[in-house]
Structures are given as structure tokens and as C-alpha cells.
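Peer 1: Below: sequence and its predicted model.
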Amino acid sequence: MSAVNVQKLCESAQERLKAAVKRVEKFLNEHALPQLAVDGNEESVLFYKGFLSDLRHILVFSEVSYEKLGVALRRANFDVDFAEKALYNVYHDCVNSFFYPKNESYAEDGRYAYTGQDAIRFRKTPVPAAREVIMDITKNFEELRDDLTYYESDYLTQRRMQTRRTHA
């Protein structure tokens, strides 16, 4: 991919991550476990513990990736290899942690992706604020996934081939 295209991709990915970070950080700063699991039953407490943990992972991965993209974009000479590695990490860490949360408090149901309905399905009906934060950032991560699908597999294949050539 050309340096100009990689740079544009870095810029758009950074903007999407910035928006997601801002939204998730606001939610986490304003909500705690007792506010979310208001009924206090064990199932709710476990659900929201997992939900909050997943959001914290998304936040950390997104902040780290945002910073790496910023480093790539601020360099005097744009380093395509560094930028592509940062984009790969956005896909591998951020996009995957959003769509495949460790605690499975929600999941994407692809059957709804083309119906105009929300494709995100929650394991347990969440309080409105918890649902809203996920729905608000879904579009950011869908767009990142669409823009960065190349980095899911082709990037690693390209790197392996380069490594083999240098060792041959």
C-alpha cells in the first residue's frame, strides 16, 4: 500500500479511536458497578463486572493504539512499516476486543447486519446507559474493521514473506 494511503488510513483510524476513547472514558468515569447492577442479584453483578472489564480493555487498547498512530503521523519522515504495524495492532487489539469481548456480555449477530437492525446482542438486557455506550461506539469499530481488514491476515502474510526473503 502506498505511503499516502497508509497515512490517510492512520489519520482516519486515529479519529475513530479518539471518538471511541472519549465515549468509553466518559461512561467509565460516570458509572460504577453499584449503579449498573441496581437489582444487586448475583447474575447482574457478574454481568456488569465482565461488561466493565471489557470496556476497560477496549479503552486501554484504543488509547495505546491512538498514541502509536500519533507517533507514526508526527514523524518527520513517515515510516510506512511502523504505521502498518500500528494499524495491524488497531485491528488485532481494538477491533477484536470490541467484537469478541472476553466476558461475552454482548456479541455481534451477523444475521442482523444487513437488516437495518442493531447487530449487537447482549447476553442480559443492560441498563440503558450500558447499552448506549456500546451502540454509540459500534459504528467506529465497524468502520475500523472495514478499513483495516487487510491487516487481519494480509499484513502478517506480507511480513512473513519478507522475513523469508531476508533469511534465504
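Peer 2: Thanks, I have the structure now.
Peer 1: ok, then the element right after the longest helix seen in the chain?
Peer 2: Looking across the chain with DSSP state H, the single longest helix is helix 42-74. For helix 42-74, the following helix or strand on the C-terminal side (DSSP states H and E) is helix 80-89.
Peer 1: got the CA coordinates for the next helix or strand after that next one in PDB?
Peer 2: On the C-terminal side of helix 80-89, the nearest following helix or strand under DSSP H and E is helix 96-99. What follows is helix 96-99, C-alpha atoms only, in PDB (Å, rounded to 0.1, in the frame of the first residue of the first chain):
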ATOM      1  CA  ASN A  96     -11.100  -7.800  18.000                       C
ATOM      2  CA  SER A  97     -11.500  -6.800  21.700                       C
ATOM      3  CA  PHE A  98     -14.700  -4.900  20.800                       C
ATOM      4  CA  PHE A  99     -16.300  -7.600  18.600                       C
END
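Peer 1: Now find how far off-centre whichever helix or strand comes after helix 96-99 is within its chain.
Peer 2: Going down the chain from helix 96-99, the next helix or strand is strand 106-108, by DSSP H and E. Remark: strand 106-108 is offset 13 Å from the chain centroid, using Cα atoms, centre = their mean, to the nearest Å.
Peer 1: Show me what the helix or strand just after strand 106-108 is packed up against.
Peer 2: Going down the chain from strand 106-108, the next helix or strand is strand 120-122, by DSSP H and E. If you count contacts as 3 or more Cβ pairs under 8 Å, 6 or more residues apart in numbering; DSSP states H and E, strand 120-122 packs onto strand 106-108, helix 128-148. In short, each C-beta sits where N, CA and C put it, glycine included.
Peer 1: Listing partners with orientation, what would you give for strand 120-122?
Peer 2: Partners of strand 120-122 in the sheet, by DSSP bridges, are strand 106-108 (antiparallel).
Peer 1: Determine the number of other residues adjacent to the residue nearest to Ser105 when sequence neighbours are not counted.
Peer 2: The shortest distance from Ser105 to any non-neighbouring residue, by Cβ to Cβ, 6 or more residues apart in numbering, is to Phe51 (4.1 Å). By the criterion of other Cβ atoms under 10 Å, Phe51 has 26 neighbours.
Peer 1: If anything else comes up later, I'll come back, but that's it for now.
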